[in-house]
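Undergrad: sharing a sequence plus its predicted fold:
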Amino acid sequence: MSKSSANQLQDLQYFGEFGGVNPSVSDSSTYTFLSAKTMFDTFEGNTEGCYLYSRHSSPSNLYLGEALAALEGTETANVYASGMGAISSVIMQLCDSGDHIISSRTIYGGTYALLKNFMKKFVIDTSFVDITAIESVENAITANTKMIYCESVSNPLLEVADLKALAALARKYDIPLVVDNTFSPLSIKPSELGADIIIHSLTKFINGTSDCVAGAVCGTTEFCLSLKDVNNGAGMLLGSTLDSLRAASILKNMRTLHIRMQQHSKNALYLAEKFEADGFKVAYPGLRSHSGYETMKDQMNTTYGFGGLMTLDVGSLENANALMELMQTEKLGYLAVSLGFYKTLFSAPGTSTSSEIPFEEQLEMGLSNGLIRFSIGLDNDIERTYQLMTECMNRLSIKGKTKVAS
Ligand SMILES: *Cc1c(COP(=O)(O)O)cnc(C)c1O
């Protein structure tokens with residue numbers, strides 16, 4: 001019987017130094033050696049299980065890495081100080097100056113800015129494509145293409161990438177497929193669909209308490225070690241290392257991920273269906289009307305649902321701003337970026353998390369002005385939430401399109 005990710009996580013077992021049920025936290029930046037020769041060998045990378053300096057590795061970071069590898073079904077995983085620390089390390093490890101990247105055009109704003117602007121410094125060029133049109137991905141491949149990059153469920157429009165088709169294409173041309181799976185932990189397992197490298201912003205669902213930033217790269221032992229190489233590793237040399245105390249706290253939060261994802265998904269699906277029935281323009285991969293519905297169904301683990309993100313178009317930026325302010329006053333959540341918190345978080349992506357994307361390009365990719373992105377919380381009574389949200393909308397005279405009687 002093959003083990004599900006949640007079972008694999010459940011089965012991880014560590015003992016603390018004194019038999020504690022949580023592993024001891026490695027509260028040290030540097031480690032002693034009994035012999036000078038061992039120190040030399042450790043520098044050369046020849047002694048497994050020896051710690052040298054915590055920018056390279058630390059017991060707490062390795063424990064968290066092991067849990068993430070279990071989650072994503074990869075050989076191993078490295079942890080980073082942020083999602084962007086993970087993403088930038090992978091890009092710079094895979095690409096040299098003069099190389100080319102193919103990326104989905106609907107990605108996290110920070111990643112978009114990194115690829116589009118910052119990588120120019122290194123003469124690394126990115127073609128942004130509609131990732132759901134496989135031919136356009138194939139047409140963009142050049143002799144210098146060193147990675148295909150996408151998000152399994154994209155930010156903020158919730159486009160669903162067909163990872164099986166992309167993986168087949170990537171294999172045909174021997175290019176690694178790099179997938180940011182931040183929006184869909186447990187729901188989608190990119191390694192099983194053929195992705196080579198899986199990235200997470202742990203800041204979001206995996207940690208789930210909005211108290212820190214962190215990131216991860218899950219992949220083969222060979223690739224993850226290359227990132228840590230003392231002479232050539234982007235992770236090691238750019239230095240976006242996660243602190244051990246944080247790694248320990250994220251590991252503890254991860255143990256409730258399976259329960260949280262089910263609740264986020266259940267609540268989001270409920271609201272998406274209700275608001276769609278009320279005549280609003282709702283994007284949620286669990287709605288039949290969503291362009292990614294079939295792809296999502298085909299590649300998801302149904303236990304964890306369609307995820308906690310939903311967008312609602314309320315017609316104009318004025319409406320969006322007024323509604324978000326009122327919802328915050330009514331304690332329905334916070335007007336804040338980020339996702340995966342126990343409370344609902346909402347923001348207007350066009351003026352916040354996607355503001356790195358030029359306005360015309362936003363329109364082209366369907367990012368309209370009145371769009372609100374919701375990260376639906378763990379609300380105990382989602383029916384009550386729906387009623388309260390509807391009251392807020394009524395007070396502001398925000399209405400869905402009147403349904404035509406059939
Ligand atoms: C937040 C986010 C990132 C960046 O992660 P940080 O932890 O903020 O650096 C990358 N990708 C996606 C999809 C995100 O939502």
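TA: Nice, I can see it. Residues are numbered from 1 along each chain as shown.

Undergrad: write out the residues of the stretch 201-350 of the chain neighbouring the ligand.
TA: 201, 203-204, 213, 215 (C-beta under 6 Å from any ligand atom). C-beta: built from backbone N, CA, C; applies to glycine.

Undergrad: at 8 Å instead, please
TA: 201-204, 213-215, 338-339 (C-beta under 8 Å from any ligand atom).

Undergrad: show the buried residues in these.
TA: Buried members of these, scored by 16 or more other C-beta atoms under 10 Å, are 201-204, 213-215, 339.

Undergrad: export these as TSV, with columns for secondary structure and pLDDT.
TA: What follows is these, written out as TSV (DSSP: H, G, I helix; E, B strand; the rest coil; pLDDT from 0 to 100):
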residue	secondary structure	pLDDT
S201	strand	98
L202	coil	98
T203	coil	98
K204	coil	98
V213	coil	98
A214	coil	98
G215	strand	98
L339	coil	96
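
Undergrad: sec struct for S191, please.
TA: With DSSP: H, G, I helix; E, B strand; the rest coil as the basis, S191 sits in helix.

Undergrad: list the contacts of it.
TA: 72-74, 198, 218 (C-beta atoms under 8 Å, 6 or more residues apart in numbering).

Undergrad: tell me the pLDDT of it.
TA: S191 is assigned a predicted lDDT (pLDDT) of 98.

Undergrad: re the thing from before, I'd like the contacts of S191 as TSV, with secondary structure appended.
TA: Listed next are the contacts of S191 as TSV, based on three-state DSSP:
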residue	secondary structure
E72	helix
G73	coil
T74	coil
I198	strand
C218	strand
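
Undergrad: and which of the residues you listed is nearest the ligand?
TA: I198 (11.9 Å; C-beta to the nearest ligand atom).

Undergrad: doesn't C218 make contact with the closest one?
TA: Yes: using C-beta atoms under 8 Å, I198 makes contact with C218 at a distance of 4.3 Å.

Undergrad: what is in contact with these two at once?
TA: 72, 74, 191.

Undergrad: ok, and which of those reach the ligand?
TA: Within the shared contacts of I198 and C218, nothing lies near the ligand by C-beta under 8 Å from any ligand atom.

Undergrad: re the thing from before, show the buried residues in the contacts of S191.
TA: 72-74, 198, 218.

Undergrad: and of these, the nearest to A143?
TA: The closest of the buried ones among the contacts of S191 to A143 turns out to be I198 (C-beta to C-beta; 26.1 Å).

Undergrad: so what's that closest one bridging to?
TA: Under the criterion DSSP bridges, I198 forms beta bridges with V179, C218.

Undergrad: from E318, how far off is it?
TA: 39 Å (C-beta to C-beta, to the nearest Å).
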